[in-house]
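> All I have is the shape, not the residue letters:
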């Protein structure tokens with residue numbers, strides 16, 4: 001989805017993958033420890049959120065995003081409380097993309113600022129490069145004159 005978000009075959013495959021994954025964000029518990037299994041689950045849920053954001057952008061209102069936001073907010077609170085800056089940034093970017101896909105520009109800006117503020121002192125840049133195409137318009141609007 002990242003490289004070919006408008007390709008109908010890629011969208012179809014992403015939709016199928018998401019449907020078969022069985023991920024129900026409303027039912028997910030907060031990952032409360034950092035071990036290889038928890039990290040793998042977190043990564044898979046975060047990837048599913050990214051896929052949902054890209055699918056929802058092409059079909060607004062078709063995909064339920066509130067449960068995704070609720071889950072990611074719980075994860076973000078856990079990451080903040082444990083000082084996991086990279087998780088905070090990753091989650092904020094995923095939430096930014098979800099808000100953007102739903103046309104919620106103000107919320108997208110707020111969460112993008114969380115990501116930028118979290119990343120600034122650490123030098124985390126790669127994730128912004130990975131998501132540069134969908135974030136470009138928002139980043140340009142935030143750019144000082």
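Yes, it's here. Keep in mind the model is a prediction, meaning the values are calculated, not measured.

> Quick check: which helices or strands does the helix or strand where residue 95 lies pack against?
Assessed by DSSP states H and E, residue 95 sits inside helix 85-101. Applying 3 or more Cβ pairs under 8 Å, 6 or more residues apart in numbering; DSSP states H and E, we find helix 85-101 packed against helix 36-58, helix 66-82, helix 105-119, helix 126-130, helix 132-142. Quick note: C-beta positions are derived from backbone N, CA and C, even for glycine.

> and residue 31, what is it in contact with?
For residue 31, the contact set (Cβ atoms under 8 Å, 6 or more residues apart in numbering) comprises 38, 41-42, 75, 78.

> if we can go back for a sec, got TSV for the helices and strands packed on helix 85-101, with mean pLDDT and mean neighbour count too?
Listed next are the helices and strands packed on helix 85-101 as TSV, based on pLDDT from 0 to 100; neighbours: other Cβ atoms under 10 Å:
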stretch	mean pLDDT	mean neighbour count
helix 36-58	85	17
helix 66-82	90	18
helix 105-119	91	18
helix 126-130	76	13
helix 132-142	80	13
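
> any chance of those helices in a markdown table, plus distance to residue 12?
A markdown table is the format used below for those (distance: least, Cβ to Cβ, whole Å):
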| stretch | distance to residue 12 |
| --- | --- |
| helix 36-58 | 10 |
| helix 66-82 | 20 |
| helix 105-119 | 26 |
| helix 126-130 | 23 |
| helix 132-142 | 20 |
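
> For residue 15, which of these is the nearest?
With Cβ to Cβ, the closest approach to residue 15 among these belongs to helix 36-58: 6.2 Å.

> before we move on, back to that, in the helix holding residue 95, which residues are buried?
Using 16 or more other Cβ atoms under 10 Å as the test for burial, helix 85-101 gives 87-101.
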